[in-house]
Structures are given as structure tokens and as C-alpha cells.
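Chemist: coordinates only, sequence not included:
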């Protein structure tokens, strides 16, 4: 799964502008995370069409980067996230970004960006989500 990151000067209305541009282009936001650090807004967006979103936002003057994410499905119970993050730490895999995409009381779907994706894919293979499972994520 791909997501994009937008980095912009923080200001009132920034999210309204970005969501308007994406809505006008008929691009649906699947998940979003936003942090402000030293006056800069860092917005992570998971979208159905990240390439189109990148083009739309860059055309509007925003700085945008694409990111490959690993999507995993965990049992929705205490300690499950700790289990996989401990596994990655033992293998010296650094988590750079994480988003919760869906949670229904039985399972939690999480998208993770790491510094060693090949190693993480192999390690997390039993937890990986396939495309058919993602189709049902709202």
C-alpha cells in the first residue's frame, strides 16, 4: 500500500485546503495523520489513488513524497501491537510511521513504514493483509 506525506508551513485552513483539492479531484482519503513540528505540518495520507493525489497536490504547490507501507492484521486485543513491534526491534527494524486503518472489535488493520521493508515483510508474513481484505476497509 502506498501513502503520501505532505510537508507544509502550518497555518489555519491547511487541512481544509488539502482536503478540498483531493475532494475536487474525487480522491478519497482512507486514513490521515497530522503532526506539527517546529512550525511545519507533516500530514500522512493513505489514499485509493496516491499517484493522482501527489500530482494534484504538487500542482497546487505542496511538497509531497510517496511512501510504501506494509499492511498487517492483528487480533484486536491488548499486547498484539507490542508483539510485532518487539519482533521488529529484535531484528533492528526501525518503524518510521504507523497508521491504524481499521478496527472492528475482532481485528485491527495497521499500515507501517519501516527502514528495512524486505526484512519486515519476511518477519511479518503471518500478519500481512492481502488486497481482498483491504477492499473491505472503510
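Modeler: Looks like it arrived, so ask away. Keep in mind that what you see is a predicted model, and the values were worked out from it rather than measured.

Chemist: which strands and helices sit next to the helix or strand encompassing residue 56?
Modeler: Residue 56 is part of helix 50-59 when elements are defined by DSSP states H and E. Here helix 50-59 touches strand 2-9, helix 14-24, strand 63-68, going by 3 or more Cβ pairs under 8 Å, 6 or more residues apart in numbering; DSSP states H and E. Every residue, glycine included, has its C-beta placed from N, CA and C.

Chemist: try 6 Å this time
Modeler: Secondary-structure packing of helix 50-59 (3 or more Cβ pairs under 6 Å, 6 or more residues apart in numbering; DSSP states H and E): strand 2-9, strand 63-68.

Chemist: those strands: which one's closest to residue 79?
Modeler: Closest to residue 79 of those, according to Cβ to Cβ: strand 2-9, at 26.0 Å.

Chemist: ok, residues contacting the helix holding residue 56?
Modeler: 2, 4, 21-22, 25, 27, 47, 64, 66 (Cβ atoms under 6 Å, 6 or more residues apart in numbering).

Chemist: dump those to CSV, plus pLDDT, distance to residue 108 and neighbour count.
Modeler: Listed next are those as CSV, based on pLDDT from 0 to 100; distance: Cβ to Cβ, whole Å; neighbours: other Cβ atoms under 10 Å:
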residue, pLDDT, distance to residue 108, neighbour count
2, 77, 20, 15
4, 90, 23, 20
21, 97, 30, 16
22, 97, 25, 19
25, 97, 30, 14
27, 95, 25, 19
47, 87, 20, 20
64, 94, 28, 20
66, 85, 24, 12
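
Chemist: picking that back up, and residue 104, which of the helices and strands packed on helix 50-59 is closest to it?
Modeler: If you check each of the helices and strands packed on helix 50-59 against residue 104 by Cβ to Cβ, strand 2-9 wins as the nearest, at 21.1 Å.

Chemist: now do that closest one against strand 63-68, angle only.
Modeler: 150 degrees (axes from the mean of the first three to the mean of the last three Cα atoms, to 10 degrees).

Chemist: in strand 2-9, which residues are buried?
Modeler: Neighbour counts over strand 2-9 (16 or more other Cβ atoms under 10 Å) mark 3-6, 8 as buried.

Chemist: residue 119: which of the residues you listed is nearest?
Modeler: residue 3 (20.0 Å).
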